[in-house]
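Provided below for reference: sequence and predicted model.
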Amino acid sequence: MKRSAANSIVQLLVKSARKASGGARSRRGAVGMKGIGIKAAANVLPRLRILAVLGVAAWTFFLYVHFTVISSTVEVSNNGDGLAADPCRGRYIYMHDLPPRFNADIIRDCRKTEDHWGDMCGFVSNAGLGRPLAAAADDGGAITGEAGWYGTHQFALDSIFHNRMKQYECLTNHSAVASAVFVPFYAGFDFARYHWGYDNATRDAASVDLIEWLMARPQWRRMWGRDHFLVAGRTGWDFRRSSNVNPDWGTDLLAMPGGRNMTVLVLESTLKYTSDFSVPYPTYFHPRSDADVLRWQDRVRGQNRTWLMAFVGAPRPDVPMSIRIRDHVIAQCKASSACAMLGCARTLGSTQCHTPASIMRLFQKAVFCLQPPGDSCTRRSVFDSMVAGCIPVFFHTGTAYEQYPWHLPKDGHLKYSVFIPDADVRRRNVSIEAVLRAIPPATVERMREEVIRLIPSLLYADPRSKLETIKDAVDVAVNGILDTVAGIKNPPSLFAAIVSRFRPRRSWKAAR
Ligand SMILES: *[C@@H]1O[C@H](CO)[C@@H](O)[C@H](O)[C@H]1NC(C)=O
Ligand SMILES: *[C@@H]1O[C@H](CO)[C@@H](O)[C@H](O)[C@H]1NC(C)=O
Ligand SMILES: *[C@@H]1O[C@H](CO)[C@@H](O)[C@H](O)[C@H]1NC(C)=O
Ligand SMILES: *[C@@H]1O[C@H](CO)[C@@H](O)[C@H](O)[C@H]1NC(C)=O
Ligand SMILES: *[C@@H]1O[C@H](CO)[C@@H](O)[C@H](O)[C@H]1NC(C)=O
């Protein structure tokens, strides 16, 4: 989507540039003739005229150079011969072969998290997917390891992504031809093993070591790390201790000089830095083939949804009252006969309150799934519910609309979701049920179709096999990275910057 939009903008620019440079050329001709013929007239406004001539000439040159480069790239990628025959052209990625202390050894520390988050060891098995789900009584065998379902931890993306990248079709060992460099450091697992009860130096040790290692490689000097990317499968706040409200939270990986230069994929962007991009939380479903995906889409399309709405989650008593929306959502759900809830009290050492199968069963039985913010704005549950074909109901723009720029539609949020501002619920006691009941059935049908259409790009396919044609979340993210690095290599020109000022961007921000 992003690509085709970018292409059509390029085409538009090429067209208008041809017009502009043609016009400029003929005007320059006229100015030149007059300048030679009528010297007296030229004395009237000499400075202005020289300026005009220089200006037009500069623009002509600029537009000429700029758009011959762009249009030749467009042409090369369009005709199927010569260099363009290489399908990996412009898509090569070099993956650093990091010493095991930066990934495999970190996973071996999985027991370190036991006291606070439960033993992670079970969750890092099967290429990061966790343990296969066993058949449950009443889901007809749809949610089992056999069918691609695993007890995946929400913070397991570091290793899932790494293992998927090993399968990337355009890997190269020649970093000179690579468009981007992947750094398979397990930043999220590194956070978890030292978060509780360790000092700053211990928490940052692996990050400092990594940056030193990277900066000593020849690949770093090419763009000072600006073409490097890594996956830190938690929120962006977890890796910027020195700029956090709480100076005791997280590592400082992304605030270090080298860390700042890299692009990072996180589950929730802080929205304060241009280098972090959010990608979907991993869900429990990891298909192995296109057929697995299509079969699942058919299944959720055919479900009888007996509940109008559903909520899975715990209250958040620590969140300040002024923004605490969950209490209201839970109270409304409890009071409604059309709402199903899997509530739970959070306890230390437990990572989740319900089995994946019971969560996924409920989401398949509900038309709308309520997704109020918790500790932070984003939720794994958003992705679990969408994979079940349940239409998400958001209360905060930071939960999805401001996140996931590559995986969720940038415009038309209301085509796949419902938005009820949290202040309406907290202050005006707006009835969620009434809002949802007021949506006409045909609209609901269309929204659900849109959610089902989005499912493939929200999934992380099983890294040990390969989808044939369907693009999963990793494919989408890699495209986003390649576009981003290309944008850093060839920063948008002054002309494009002016044009883009007329395009509405992030207009919802104004509404906050
Ligand atoms: C890169 O080199 C490694 C080890 O020498 C080899 O196993 C791997 O297949 C190579 N990868 C590519 C894409 O050529
Ligand atoms: C840890 O680092 C943060 C900033 O990154 C700092 O504010 C805090 O004082 C440090 N804590 C200790 C105990 O040194
Ligand atoms: C980060 O990139 C800038 C150029 O964009 C460069 O000047 C700087 O030295 C880089 N930092 C490191 C630590 O390489
Ligand atoms: C949905 O309900 C209809 C009619 O009650 C029934 O025929 C159908 O088998 C049900 N479908 C599923 C997937 O349960
Ligand atoms: C909110 O509205 C419901 C009915 O929709 C009502 O029962 C409840 O008392 C109201 N709560 C407050 C705090 O006004």
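Received the coordinates, thanks. Ligands and ions are numbered 1, 2, ... in the order given.

The helix or strand hosting residue 383 packs against which elements?
Secondary structure from DSSP states H and E places residue 383 in helix 380-387. When contacts are defined as 3 or more C-beta pairs under 8 Å, 6 or more residues apart in numbering; DSSP states H and E, helix 380-387 packs onto strand 307-313, helix 356-364, strand 366-371, strand 391-394, helix 441-458. C-beta coordinates here come from the backbone N, C-alpha and C atoms, glycine included.

Isn't residue 256 up against residue 207?
Yes - Residue 256 is in contact with residue 207 according to C-beta atoms under 8 Å; the separation is 6.4 Å.

follow-up on the earlier one: of all the helices and strands packed on helix 380-387, which lies closest to residue 91?
helix 441-458 (17.6 Å; C-beta to C-beta).

And the pLDDT at residue 410?
At residue 410, the pLDDT value in this model is 88.

Near it, how many other residues are there?
Neighbours of residue 410 under the rule other C-beta atoms under 10 Å: 14.

Distance of it relative to residue 278?
Separation of residue 410 from residue 278 (C-beta to C-beta, to the nearest Å): 13 Å.

How much space separates the spatially most central residue of the chain from residue 410?
Residue closest to the average C-alpha location in the chain (C-alpha atoms, centre = their mean): residue 279, at 3.0 Å. Taking C-beta to C-beta as the measure, residue 279 falls 15 Å from residue 410.

ok so, going back, any idea of the mean pLDDT in the helix holding residue 383?
For helix 380-387, the mean confidence score works out to 97.

list the contacts for the nearest residue to residue 367 once chain neighbours are set aside?
Excluding its sequence neighbours, the residue lying closest to residue 367 (C-beta to C-beta, 6 or more residues apart in numbering) is residue 305, at 4.7 Å. By C-beta atoms under 8 Å, 6 or more residues apart in numbering, the contact list for residue 305 reads 364, 365, 366, 367, 390.

so who does the fourth one touch?
Applying C-beta under 8 Å, 6+ apart, one finds that residue 367 lies in contact with 305, 307, 308, 309, 390, 391, 436, 444, 448.

Can you give me the neighbour number for the residue nearest to the fifth one when sequence neighbours are not counted?
Going back to what we said before, that points to residue 390. Among residues not flanking residue 390 along the chain, residue 369 sits closest, at 4.1 Å (C-beta to C-beta, 6+ apart). When counting by other C-beta under 10 Å, one arrives at 27 neighbours for residue 369.

In the protein, where is pLDDT below threshold?
1-84, 112-119, 137-138, 345-353, 494-512 (pLDDT under 70).

my read: the residue nearest to the centre of the chain touches residue 404, true?
Yes - Residue 279 lies in contact with residue 404 (C-beta under 8 Å); the separation is 6.9 Å.

Now this protein against ligand 4: closest residue?
residue 304 (3.6 Å; C-beta to the nearest ligand atom).

all strands of the stretch 401-512 of the chain, in order?
418-419 (DSSP state E, counting those that start in this stretch).

if we can go back for a sec, between residue 256 and residue 207, which is the more surrounded one?
Taking residue 256 and residue 207 together and counting by other C-beta under 10 Å, residue 207 has the greater number of neighbours (23 against 19).

got the residues of the stretch 251-400 of the chain near ligand 2?
residue 252 (C-beta under 6 Å from any ligand atom).

what does the stretch 251-400 of the chain put close to ligand 4?
302, 303, 304.

Residue 364 is in contact with the second one, correct?
Yes - between residue 303 and residue 364 a contact is recorded at 4.9 Å, counting by C-beta under 8 Å.

between those two, which one's more packed in?
Between residue 303 and residue 364, counted using other C-beta under 10 Å, residue 364 has the larger neighbour count: 22 against 16.

contacting residues for the residue of the chain at minimum distance from ligand 1?
Taking C-beta to the nearest ligand atom as the measure, the chain has residue 173 as its residue closest to ligand 1, at 3.7 Å. Going by C-beta under 8 Å, 6+ apart, residue 173 touches residue 94.

change it to 10 Å
92, 94, 95, 97 (C-beta atoms under 10 Å, 6 or more residues apart in numbering).

Quick one: these as JSON lines, columns for neighbour count too.
Output for those, formatted as JSON lines (neighbours: other C-beta atoms under 10 Å):
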{"residue": "92", "neighbour count": "20"}
{"residue": "94", "neighbour count": "20"}
{"residue": "95", "neighbour count": "19"}
{"residue": "97", "neighbour count": "7"}
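
closest to ligand 3 among these?
residue 94 (17.4 Å).

how many neighbours does the nearest residue to that closest one once chain neighbours are set aside have?
Sequence neighbours aside, residue 178 is the residue nearest to residue 94 in space, at 3.7 Å (criterion: C-beta to C-beta, 6+ apart). Residues near residue 178, counting by other C-beta under 10 Å, number 21.

what does the stretch 151-300 of the chain have sitting close to ligand 1?
Checking the stretch 151-300 of the chain against ligand 1 by C-beta under 6 Å from any ligand atom, the hits are 171, 172, 173.

Turn the residues you listed into a markdown table, including secondary structure.
Converted to a markdown table, these look like this (DSSP: H, G, I helix; E, B strand; the rest coil):
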| residue | secondary structure |
| --- | --- |
| 171 | strand |
| 172 | coil |
| 173 | coil |
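
element containing the residue nearest to residue 425 when sequence neighbours are not counted?
Here the nearest residue to residue 425 in space, its sequence neighbours aside, is residue 328; by C-beta to C-beta, 6+ apart that works out to 5.0 Å. If you go by DSSP H and E, residue 328 is part of helix 326-335.

which strands and helices sit next to that helix?
Helix 326-335 is packed against strand 307-313, strand 339-343, strand 366-371, helix 422-428, helix 432-437, with contacts defined by 3 or more C-beta pairs under 10 Å, 6 or more residues apart in numbering; DSSP states H and E.

tell me the contacts of residue 92?
Residue 92 touches 86, 168, 170-180, 482, counting by C-beta under 10 Å, 6+ apart.

Looking at those residues, which is nearest ligand 3?
residue 180 (15.5 Å).

Now do the closest residue to that closest one other than its chain neighbours: how many residues are near it, please.
Nearest residue to residue 180, sequence neighbours excluded (C-beta to C-beta, 6+ apart): residue 485, at 4.8 Å. If you count neighbours by other C-beta under 10 Å, residue 485 ends up with 21.

and what of the one 3 residues further on?
One way to gauge burial is a neighbour count; for residue 488, by other C-beta under 10 Å, it gives 15.

what sits against it?
180, 223, 226, 227, 261, 263, 274, 275.

ok, for residue 406, nearest residue in space, not its chain neighbours?
residue 480 (3.8 Å).
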